[in-house]
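Asks: mind looking at a prediction? Sequence and model below.
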Amino acid sequence: MNTWDSMRMKFIAAFIIIVGFAFFCDVVAKADETSIVPAEAVARAEAFFIAALGDERQLPVVLKGLQSTGDAELLPVFAAICKSGDKQRRLLASAMIDKVAGQAAAGALLDRLFHDPSMAVRSTALIRLAAIEAITPEQLIAATKIDDEGVQIIAARALVRARRSDAAKAVLKKLAKSRDADTAALARMSLLAGGDQTQIGPLRKIILDPATEPARLIRMLDQIRLEKIAAALPVAQFLAKPDQLQSVRVRALMAIDALSPEAGPVLAQAIRTSDSLAFRLNVLRILAQRPDGRELVREFADGPGDDTFATVARFELARQAGGETAQQTVARAIAREHPIVIEYVLTRMQQDVQARGEKADFYTAPILKYLRGIDVNPGQMSPANGRAAMAVQLLGELDSPDARKGLWDILAQGDTDPLKQLTAGALYRCKNRQIASLLRPSLGSPFPNLRIYSALLLGRAGRTSAIPALLRLQELSRQNQADVLTLANWYLLKMSGQSKKTVEKLVQSIK
């Protein structure tokens, strides 16, 4: 055989090997995708939920776990519990149902609003309906006729926000005379929003009264901002003065920002006259988002190079353009090692990831460096661990090639590495389900937490490779908490194709 023939035979052999390997991988992948959940596991999952939904101690945990899946297939279960004979069960389900089904939950919530014997449940249903914008002005008007001040004030304020102050005026006048100080104050503020100038005097009395709690002032300021009550701008201006509590001042400045086109200089002056870094950063966040805020922020960015506030101001200016300069300012801000500054950067990163996607990749390198440099204390949910977990979650949601590689490198560390364990847990909170593949190698980890996080993350993503690990979680039920079992059992039901039938059985079991 000559040299050419020999090379040709080697090429053919290599080609056969490559094709054979590809075929093998395809078969394995298809086998993985067609894995079947055993019938006995389906039965155990059904039995778990039937028992848990009837257990007063487990019910809150189980409902919270099911809510976290955001699976609309669970709507009938929550709707059935909303009609339970137990008030506390109805209250729990009414508070959670829209997180599962969004506006599709409107029917169940409207039924509770107009028919539930408990006013607490009715109020909760109304709050959730308003939050998902699934209630009409006509239905709100009907709600103002329900004989409960709590329901009436919520409905009346919603009418004001919907620009239907006329329909709310009569009930608001009645509520302004309520014995409940909060209800009376909120009603008077809504009347002022509708043009009733006679409310200025009573409201001034409330604000000037030293006995008025800061929490009430904050609720009033939030109302001014959310309902855009221009006539109450002087209230916000008064409560924004330096002699007020910082928490009250920040809410007052937020209201001024929402109401006044000339708020920029007011915010800048508040920064200049304060020595509190936390307060100044809170106001900077408001100022930087204004159309006229950039030039005002520039004043603070021109501060000393080693000044923490100036460092954050420079970051604010650079993040809008992104790129290498923005990356450098993120690194410098993180390098200050100040918890409030790190939280500020992470909050901005969250906004930028949501709004700009991979264009926010300038955060990746400095955030990865921050994660590698922190001292993670395993087993504790300390503020430092919480910040690290948020950083991991945001890198997962960013999902740029560099972010994914950085997370992979962390997860490639030994199973005893505290940062790896924290990363595995934090990724479960990540909205990007494609990130689940990073945890597949950890399915066989000897460390229980890593196995659990990996199985649940892959199970949530519908990856049938998680089935064996989920089955182990189910079988070792006595060693696991109800929150883990809730998710493991639900994901097994989903991948078995039996979840719809199970939901029907659960609905029949709920009393």
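Replies: Happy to help now that I have it. Worth saying up front: this structure is predicted, and the values here are computed from it rather than measured.

Asks: name the element the residue nearest to Arg204 when sequence neighbours are not counted belongs to?
Replies: Of all residues not flanking Arg204 in the chain, Val235 sits nearest, at 8.0 Å (Cβ to Cβ, 6 or more residues apart in numbering). The way it works is simple: take the backbone N, C-alpha and C, and place the C-beta from them, glycine included. If you go by DSSP states H and E, Val235 is part of helix 233-239.

Asks: ok so, going back, please work out how many residues are found near the residue nearest to Arg204.
Replies: The tally of other residues near Val235 (other Cβ atoms under 10 Å) stands at 23.

Asks: distance of it from Lys241?
Replies: Per Cβ to Cβ, to the nearest Å, Val235 is found 12 Å from Lys241.

Asks: returning to what we had before: list the contacts of the residue nearest to Arg204.
Replies: Contact analysis of Val235 by Cβ atoms under 8 Å, 6 or more residues apart in numbering lists 203-204, 207, 220-221, 224.

Asks: can you check Ala142 too?
Replies: Contacts for Ala142 (Cβ under 8 Å, 6+ apart) come out as Phe114.

Asks: so which strand or helix has it?
Replies: Assessed by DSSP H and E, Ala142 sits inside helix 137-143.

Asks: what distance separates that helix from the centre of its chain?
Replies: What separates the centre of helix 137-143 from the centre of its chain is 29 Å, taken as Cα atoms, centre = their mean, to the nearest Å.

Asks: which is the next helix or strand following that helix?
Replies: Next along the chain after helix 137-143, taking DSSP H and E as the criterion, comes helix 149-161.

Asks: what's in contact with that following helix?
Replies: Applying Cβ under 8 Å, 6+ apart, the contact partners of helix 149-161 are 113, 119-120, 122-123, 126-127, 130, 135, 137, 140-141, 143-144, 146, 165, 167-168, 171-172, 174-175, 178, 180, 183, 186-187, 190, 193-194, 223, 226-227.

Asks: after it, next one along is what?
Replies: Remark: after helix 149-161, the chain's next helix or strand is helix 165-175, criterion DSSP H and E.

Asks: for the very next helix or strand once past that following helix, what is the average pLDDT?
Replies: Next along the chain after helix 165-175, taking DSSP H and E as the criterion, comes helix 181-193. In this model, helix 181-193 carries a mean pLDDT of 95.

Asks: show me what helix 181-193 is packed against.
Replies: With contacts defined as 3 or more Cβ pairs under 8 Å, 6 or more residues apart in numbering; DSSP states H and E, the packing partners of helix 181-193 are helix 149-161, helix 165-175, helix 200-208, helix 214-226.

Asks: same list (those) but as JSON lines, adding mean neighbour count.
Replies: Listed next are these as JSON lines, based on neighbours: other Cβ atoms under 10 Å:
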{"stretch": "helix 149-161", "mean neighbour count": "23"}
{"stretch": "helix 165-175", "mean neighbour count": "19"}
{"stretch": "helix 200-208", "mean neighbour count": "14"}
{"stretch": "helix 214-226", "mean neighbour count": "19"}
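
Asks: quick one: low-confidence parts of this protein?
Replies: Residues of the chain that meet the criterion pLDDT under 70 lie in 1-35, 378-379, 477-480.

Asks: strands of that one, start to end?
Replies: Applying DSSP state E to the chain gives no strands.

Asks: dead centre of it: give me the residue that sits there.
Replies: Closest residue to the average C-alpha location of the chain: Arg429 at 9.1 Å, with Cα atoms, centre = their mean.

Asks: residues near the nearest residue to that one once chain neighbours are set aside, how many?
Replies: Using Cβ to Cβ, 6+ apart and skipping the chain neighbours, the partner closest in space to Arg429 is Gln393 (5.0 Å). Counted with other Cβ under 10 Å, residues neighbouring Gln393 total 23.

Asks: list the contacts of Gln393.
Replies: With Cβ under 8 Å, 6+ apart, Gln393 has these contacts: 426-427, 429-430.

Asks: now with 10 Å, please.
Replies: By Cβ atoms under 10 Å, 6 or more residues apart in numbering, the contact set of Gln393 is 346, 350, 353, 423, 425-432, 435.

Asks: of all pairs in those residues, which one is the farthest apart?
Replies: Every pair in the contacts of Gln393 was compared (Cβ to Cβ); the two farthest apart turn out to be Val353 and Gly425, at 19.5 Å.
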